[in-house]
Structure formats: structure tokens, C-alpha cells
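S.K.: Generate coordinates for the sequence data below:
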Amino acid sequence: VNVGALSIEDVVAVARYGAKVEIAPAALEEVAATRERVEELAQDPTPVYGISTGFGALARRHIPEEMRAQLQLSLVRSHAAGTGPEVEEEVIRALMLLRLSTLCTGRTGVRPVVVETYAKALNAGIVPVVREYGSLGCSGDLAPLAHCALALLGEGEVRVNGDLQDAGAALSAAGIEPLQLREKEGLALINGTDGMLGQLCLAITDLRAAAKTADIATAMTVEGLLGTLVVFADDLQQLRPHPGQADAAANILQVAEGSEILEAALEEFKKNQVQDAYSVRCAPQVAGGFRDTLAHTTQVAERELAAAVDNPVVTKDGRVVSNGNFHGAPVAYALDFLAIVTADLASISERRTDRFLDPARNRGLNAFLADDPGVDSGHMIAQYAQAGLANPSSADSIPSSAMQEDHVSMGWSAARKLRKAVDGLQRVLAVEILTAARAIDMREGTPAKGTGAVIEKLRQTVDGPGVDRYLSPEIEETVRLVKEGALIDAVEDATGKLRG
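M.R.: Below is the predicted model of the structure:
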């Protein structure tokens with residue numbers, strides 16, 4: 001970790017895959033230089049917010065020097081007020097890394113030992129217990145970050161390798177000395193948008209894969225429903241030159257190219273079908289808008305990753321200035337924007353799946369793709385599960401802190417909602433792929449190289465058409481393949497890299 005910006009990939013590597021962190025010497029030098037300025041101001045009789053005053057609505061009180069360590073400790077303890085279920089470990093590790101990144105900019109005024117202790121805890125796999133509810137995204141994610149800060153002091157609960165432990169015991173076992181906070185440090189540890197930003201980075205990573213998966217699912221549905229690939233031609237996409245749309249259409253063509261099933265059905269399609277339903281024909285427009293939104297939110301995330309979010313901050317020329325950069329609105333908007341398009345991509349997938357199950361629309365397949373309709377129900381209830389999965393927070397704001405914090409971002413709530421939406425989208429796409437694979441297997445002829453590669457991968461662990469059987473494990477196995485990117489890998493091994 002240096003004074004510069006982390007990448008989204010850096011965040012995911014540490015949060016999800018346990019990569020270790022190392023503090024660059026230049027960062028420690030910057031941190032030490034800035035701390036000298038804080039020490040000077042701590043001796044100044046003029047009150048300085050966060051150093052010699054209370055916080056928020058209590059900022060008018062000047063705190064004498066002998067009480068300032070207690071001030072910082074009380075701040076952390078009182079703000080560690082989350083409630084509800086535990087937050088996922090990868091989210092907590094992401095927000096810890098991002099707080100560490102801001103500390104390493106040298107703009108927060110902490111001592112080098114704070115930075116070093118934070119890094120040691122992260123590398124030791126100590127994961128503070130953070131609760132679902134408590135952040136308004138006003139001064140960033142105060143409550144989640146306070147739970148992390150509390151653990152560095154040897155208080156509260158943590159998990160190590162999944163085991164619940166007392167924080168003090170976990171630090172001791174790892175050979176880490178608990179922090180003793182000084183002026184400004186408690187505030188610096190809790191004042192940031194790191195929780196919502198970490199979840200944005202994780203969501204962007206998952207949704208990049210989901211975009212490709214949606215194109216694969218669409219190609220399989222076109223083939224399974226005996227549709228047409230004509231509408232995905234590049235010259236048609238260029239008439240409406242959104243980059244995401246062109247990428248989605250190109251991917252669908254690549255995955256379905258060379259399908260003997262579609263080739264054999266082409267003349268009948270021209271004579272009787274004429275055009276596919278919107279959920280099929282307009283797939284590049286929806287998946288393309290999804291991609292373009294993802295590109296915008298990626299830009300927001302990258303800007304935020306380059307930020308030093310704290311209040312007050314120590315500027316490069318040594319001023320300590322209160323500011324509003326902690327407000328989570330830019331990230332909250334991005335999170336809600338992604339939640340909208342994620343829900344819509346799931347919605348169109350569900351609509352495509354539904355077409356397979358209706359004999360009036362599935363072009364000659366059994367009702368519900370059942371082996372013996374009436375005796376068997378096929379994929380009837382799998383589509384119900386899709387419908388239940390396939391549905392934004394920053395538009396609302398609740399004043400807090402005696403009206404001092406009178407407009408808050410609700411960004412943490414937006415991040416939690418998006419996280420559920422991402423999981424829902426992955427499951428919806430898995431059901432479409434499972435259903436489309438069954439339909440293709442029920443057709444005569446050889447599938448395309450790309451769709452065939454998906455079916456071959458799927459059939460290694462999920463059986464093909466037949467009488468009704470316990471369906472939930474097959475759905476879960478397909479979800480696993482989607483989440484791990486195994487189906488994308490299968491297609492790209494067979495046809496080359498997909499776009500986007």
C-alpha cells in the first residue's frame with residue numbers, strides 16, 4: 001500500500017482471496033511527516049476540530065490535553081454500535097484495506113504505528129465482527145469502521161479462520177500490540193466511505209462476469225427457442241452506437257455461431273416466426289445499457305479509490321481543515337444505479353426462461369420442458385424461483401446527530417441491497433442456462449461450439465433431460481459454476497475471448 005490509489009483488482013485480491021499487504025516506505029514517511037503537524041496543533045490553545053474538540057454536534061467543546069486519549073477511545077467505543085447479522089468477511093476485509101489505504105496517504109494525521117498495526121491485523125487474518133445495520137453513509141461508514149477500530153484496541157469480537165474470538169486474545173496470539181490512541185486517531189480510523197466502496201468494488205468484479213454470463217445465456221436461449229441471430233449483426237448495432245450494446249451483440253453471435261440447430265430452423269423461422277420477442281431480440285440493448293452503467297460506476301469507484309476521505313484532513317501544506325468529502329453520495333448513487341440495472345438484467349433473463357416453459361411459445365418443446373407433462377413438472381418451479389429473485393436507497397436521507405448531520409447518503413444500505421441483487425442476478429442467469437441447456441438437448445442437431453461447450457461443462461455434474469428429480473441441487477451446482485466463472489472459461493476455451 002502506497003500513497004497512491006489502489007485498483008479494484010487490488011481490493012478484490014485482499015478482500016476475497018487473502019492477498020497480503022505491505023506498506024511502502026514512502027507512505028510511512030508521509031504519515032510520519034503529517035503526524036508532526038498534528039502534534040504541533042495538539043499543543044495549540046486554539047481549538048482544532050478532531051484534535052482538541054468533541055465531534056459532530058459536540059464539536060464546540062474544547063477538550064483538555066489530559067482527556068484527549070479518552071476522547072478518542074470513547075469515540076470508537078460509542079460508534080461501534082452496529083446491530084443485526086454479521087457482515088461477510090470479504091466485505092470487512094475490503095473496508096479494512098480501504099481505510100488502511102487512506103491512512104497511508106498521510107492526510108489523516110495518524111502515527112505510523114497505527115498504519116502498521118492495521119496492516120498486521122489484516123495480514124494475520126483477524127476479521128472484526130461487523131453488524132449489518134448501523135451506517136447511514138453520513139460521515140462515511142462510521143459504525144462498521146468503528147467495529148474494526150475497536151478490534152485494533154483489543155476490544156470487541158473478531159473471527160480468525162471463521163472462529164469467533166475475543167479481539168484482545170486474537171491480537172495477542174498474532175503477536176500484535178493493541179493500539180493506544182492519541183489525538184485525531186480514533187476519528188481517522190472511522191471516518192470514511194470504505195464499506196460502501198469495498199462493496200462497490202466487489203460488485204463491479206462480479207457484474208463484469210455476469211455481463212458475459214448474460215450474453216452466454218441469451219445465445220443459449222436463442223438456440224433453444226429456434227430464434228434468429230440476424231438481429232445481432234454488427235451493422236445494426238452501429239446504428240445505435242452504444243459501446244456496451246455492440247459488445248453484447250458480438251458475444252451472443254460468437255457463442256451461437258455455427259449452430260446446426262439454428263441453421264436447420266432458419267427457413268421455418270423466416271416463414272412463420274418473422275421476429276423474436278423483445279426479451280430475446282432486445283437482449284443487446286439491455287445487456288449493453290447494463291455494461292455502460294457498469295463502466296460509469298467503475299469510473300466512480302476508481303476516483304474514490306484515489307481519494308483520501310477523512311474529516312478533518314491534514315493538507316499537504318500543513319493546514320487541518322474540516323470538509324465534506326466523507327459524504328457517501330457519489331458512491332451511493334453508483335450503488336443504486338447498479339442495483340437498478342442488475343435487477344433489470346435479471347428481469348429480462350427470467351422473461352426469456354419463461355418462454356421455454358409455454359408450449360404456445362417454445363416452438364415444439366414439451367410444456368415446462370417436462371419429460372411427461374402432467375406426470376412431470378419439468379422446470380416449472382425453477383422459473384418460480386427466478387421470478388422471486390428478479391428487484392434502489394440513496395434517494396432517501398434521514399437527519400442524524402441532533403441535525404448536525406442533516407443529509408446522509410444511506411450508501412451502506414445501498415451497498416447491502418446491491419449485494420443481494422448481484423447474488424439474485426447470478427442465480428437467475430443460472431436457471432436460464434440450466435433451462436436453455438435442457439431445451440437444446442431436447443432439439444435435434446448439433447449445437448454451436450460455444451453453447452455446446454457450456455452444456456458439456458454443465459453435464460459433468462448436472463444430468464440432462466429426463467423424468468423429474470430433485471432439482472434444487474442442480475440449480476445450486478449451476479449457480480456455483482456461474483459464480484466461479486467456469487462457464488465463461490468453457491466458452492472462451494472453445495471460441496476465444498468474449499468482449500467486456
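
S.K.: Can you name the residues that contact V314?
M.R.: 34, 37-38, 106-109, 320 (CB atoms under 8 Å, 6 or more residues apart in numbering). Using the backbone N, CA and C atoms, a C-beta is placed for each residue, glycine as well.

S.K.: cutoff 6 Å now
M.R.: In this structure, V314 makes contact with 34, 37, 107, 109, 320, judged by CB atoms under 6 Å, 6 or more residues apart in numbering.

S.K.: quick one: low-confidence ranges for the chain?
M.R.: Counting by pLDDT under 70, the chain contains low-confidence residues at 54-60, 138, 390-410.

S.K.: how about a cut-off of 80?
M.R.: 2-3, 44-68, 136-140, 274, 390-412 (pLDDT under 80).

S.K.: tell me the centre residue of it?
M.R.: Centroid check for the chain by CA atoms, centre = their mean gives A203 as the closest residue, at 1.8 Å.

S.K.: from what I can see that residue touches V422, true?
M.R.: Yes. Assessed by CB atoms under 6 Å, A203 is found in contact with V422 at 5.3 Å.

S.K.: which residue sits closest to E39, ignoring its sequence neighbours?
M.R.: In space, E39 comes closest to E183 once its chain neighbours are excluded; the distance is 7.8 Å by CB to CB, 6 or more residues apart in numbering.

S.K.: now swap in A387 and tell me
M.R.: Going by CB to CB, 6+ apart, A387 has E350 as its nearest residue, at 5.7 Å.

S.K.: what's the burial count for that neighbour?
M.R.: 21 (other CB atoms under 10 Å).

S.K.: one step back: how close does the residue nearest to the centre of the chain get to I216?
M.R.: In this structure, A203 and I216 are separated by 20 Å, where distance is defined by CB to CB, to the nearest Å.

S.K.: what does D489 give?
M.R.: 11 Å.

S.K.: More neighbours: those two, which one.
M.R.: Between D489 and I216, counting by other CB under 10 Å, I216 is the more crowded of the two (29 against 13).

S.K.: Would you confirm that that one contacts Q254?
M.R.: No. Look at I216 against Q254 with CB under 6 Å: they stay out of range, at 9.6 Å.

S.K.: Can you list the buried residues in stretch 107-121?
M.R.: 107-112, 114-121 (16 or more other CB atoms under 10 Å).

S.K.: Let me have those in a markdown table, extended by secondary structure.
M.R.: Output for the buried residues of stretch 107-121, formatted as a markdown table (DSSP: H, G, I helix; E, B strand; the rest coil):
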| residue | secondary structure |
| --- | --- |
| R107 | coil |
| T108 | coil |
| G109 | coil |
| V110 | coil |
| R111 | coil |
| P112 | helix |
| V114 | helix |
| V115 | helix |
| E116 | helix |
| T117 | helix |
| Y118 | helix |
| A119 | helix |
| K120 | helix |
| A121 | helix |
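
S.K.: could those residues go into CSV alongside distance to M380?
M.R.: Converted to CSV, these look like this (distance: CB to CB, whole Å):
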residue, distance to M380
R107, 58
T108, 56
G109, 61
V110, 58
R111, 63
P112, 62
V114, 58
V115, 57
E116, 58
T117, 56
Y118, 52
A119, 53
K120, 54
A121, 50
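
S.K.: List just the nearest of these to G258.
M.R.: Taking CB to CB as the measure, A119 is the one of those closest to G258, at 51.9 Å.

S.K.: got a list of what that closest one touches?
M.R.: 21, 23.

S.K.: Is the residue nearest to E39 in a helix, a strand, or coil?
M.R.: Following three-state DSSP, the label given to E183 is coil.

S.K.: Surely it and A42 touch.
M.R.: Yes. With contacts defined as CB under 6 Å, E183 counts as touching A42 at a distance of 4.7 Å.

S.K.: Assign R361 to helix, strand or coil.
M.R.: With three-state DSSP as the basis, the three-state label of R361 is coil.

S.K.: Let me see the contact set for it.
M.R.: For R361, the contacting residues are R355, taking CB under 6 Å, 6+ apart as the criterion.

S.K.: Tell me how far it lies from E268.
M.R.: Applying CB to CB, one obtains 15 Å for the distance of R361 from E268.

S.K.: which element follows the helix or strand encompassing K212 toward the C-terminus?
M.R.: When elements are assigned from DSSP states H and E, K212 belongs to helix 194-224. On the C-terminal side of helix 194-224, the nearest following helix or strand under DSSP H and E is helix 234-238.

S.K.: Tabulate the CA atom coordinates of the helix or strand following that next one in CSV.
M.R.: On the C-terminal side of helix 234-238, the closest following helix or strand by DSSP H and E is helix 243-256. Only the C-alpha atoms of helix 243-256 are listed here, as CSV (Å, rounded to 0.1, in the frame of the first residue of the first chain):
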residue,chain,number,x,y,z
PRO,A,243,-20.4,0.5,-26.9
GLY,A,244,-21.9,-1.9,-24.4
GLN,A,245,-24.6,-2.9,-26.9
ALA,A,246,-22.1,-3.7,-29.6
ASP,A,247,-20.1,-5.9,-27.1
ALA,A,248,-23.2,-7.8,-26.0
ALA,A,249,-24.3,-8.5,-29.6
ALA,A,250,-20.9,-9.6,-30.7
ASN,A,251,-20.7,-12.0,-27.7
ILE,A,252,-24.1,-13.5,-28.5
LEU,A,253,-23.0,-14.1,-32.1
GLN,A,254,-19.7,-15.6,-31.0
VAL,A,255,-21.3,-18.1,-28.6
ALA,A,256,-24.1,-19.2,-31.0
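
S.K.: Would you mark the buried spots in helix 243-256?
M.R.: 244-256.

S.K.: next one: stretch 441-448
M.R.: Under the neighbour-count criterion of 16+ other CB under 10 Å, stretch 441-448 has 441-443, 447-448 buried.

S.K.: Mind telling me the two of those residues farthest from one another?
M.R.: Of all pairs in those, the most separated under CB to CB is M442 and A448 at 16.0 Å.

S.K.: Could you verify that V127 is part of a strand?
M.R.: Yes. Following the definition three-state DSSP, V127 is counted among the residues of a strand.

S.K.: what's near enough to touch it?
M.R.: For V127, the residues meeting the contact criterion (CB under 6 Å, 6+ apart) are 89, 92, 158-159.

S.K.: of all these, which two lie farthest apart?
M.R.: Farthest apart among those by CB to CB are E89 and V158. That separation is 10.4 Å.

S.K.: Looking at those two, which is more packed in?
M.R.: Neighbours per residue (other CB under 10 Å) separate E89 from V158, with V158 holding more: 27 against 18.

S.K.: Is it correct that that one falls within a strand?
M.R.: Yes. The assignment for V158 by three-state DSSP puts it in a strand.

S.K.: in the sheet, who's paired with it?
M.R.: Under the criterion DSSP bridges, V158 forms beta bridges with P128, Q165.
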